[in-house]
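Participant: turn this into a structure:
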Amino acid sequence: MQNRSIIEAAIKSDPTATPEEKARLMAALLPAKETPRLITRKEVAALLGVHTETVKRYTRAGLLKPVKFTRAVRYPEAEVLHFMQNGVRS
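Facilitator: Numbering: from 1, shown residues only. Below is the predicted model of the structure:
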């Protein structure tokens, strides 16, 4: 943590860096956002204890919202877990 504050002070006090460069460097110091884990329809079915066709029906009914990559369909794991606990979309 102390190293971070030293680096921030060095960036802010650098007379040769432009404000844009300083902003970019400060943004790089921020912790990376965690990307949500995406799971397949088959994995969702296994988690819920239902058939994959049931997962498709849940999707058509708007109970689960998939993320589509061309033909591949994935579901955010956090949303599926929320659905398991509450029976509704997050």
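
Participant: CA atoms for contacts and neighbours, from now on please.
Facilitator: Will do.

Participant: okay, now T18: neighbour count?
Facilitator: If you count neighbours by other C-alpha atoms under 10 Å, T18 ends up with 10.

Participant: ok, how many other residues are close to E43?
Facilitator: Applying other C-alpha under 10 Å, we find 15 other residues in the vicinity of E43.

Participant: just the one 10 residues further on next, same as before
Facilitator: The criterion is other C-alpha under 10 Å. On that basis, E53 has 12 neighbouring residues.

Participant: next one: G62
Facilitator: In terms of burial, G62 registers 12 neighbours under the definition other C-alpha under 10 Å.

Participant: any low-confidence regions in the chain?
Facilitator: Low-confidence regions of the chain, defined here as pLDDT under 70, cover residues 1, 88-90.

Participant: which residues in the chain form strands?
Facilitator: 38-40, 67-69, 72-76 (DSSP state E).

Participant: what about R74, how many neighbours?
Facilitator: Other residues close to R74 by other C-alpha under 10 Å number 19.

Participant: that one pairs with what?
Facilitator: In this structure, R74 has the following beta-bridge partners (DSSP bridges): T40, V67.

Participant: so which bits of stretch 36-47 are buried?
Facilitator: For stretch 36-47, the buried set under the neighbour-count rule, 16 or more other C-alpha atoms under 10 Å, comprises 38-41, 44-45.

Participant: may I see those arranged in a markdown table, with distance to A23 as well?
Facilitator: Conversion of those to a markdown table gives the following (distance: C-alpha to C-alpha, whole Å):
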| residue | distance to A23 |
| --- | --- |
| L38 | 31 |
| I39 | 35 |
| T40 | 38 |
| R41 | 41 |
| V44 | 41 |
| A45 | 44 |
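
Participant: of the residues you listed, which pair is most distant in space?
Facilitator: Spatially, the most separated pair among the buried residues of stretch 36-47 is L38 and A45, at 13.5 Å (C-alpha to C-alpha).
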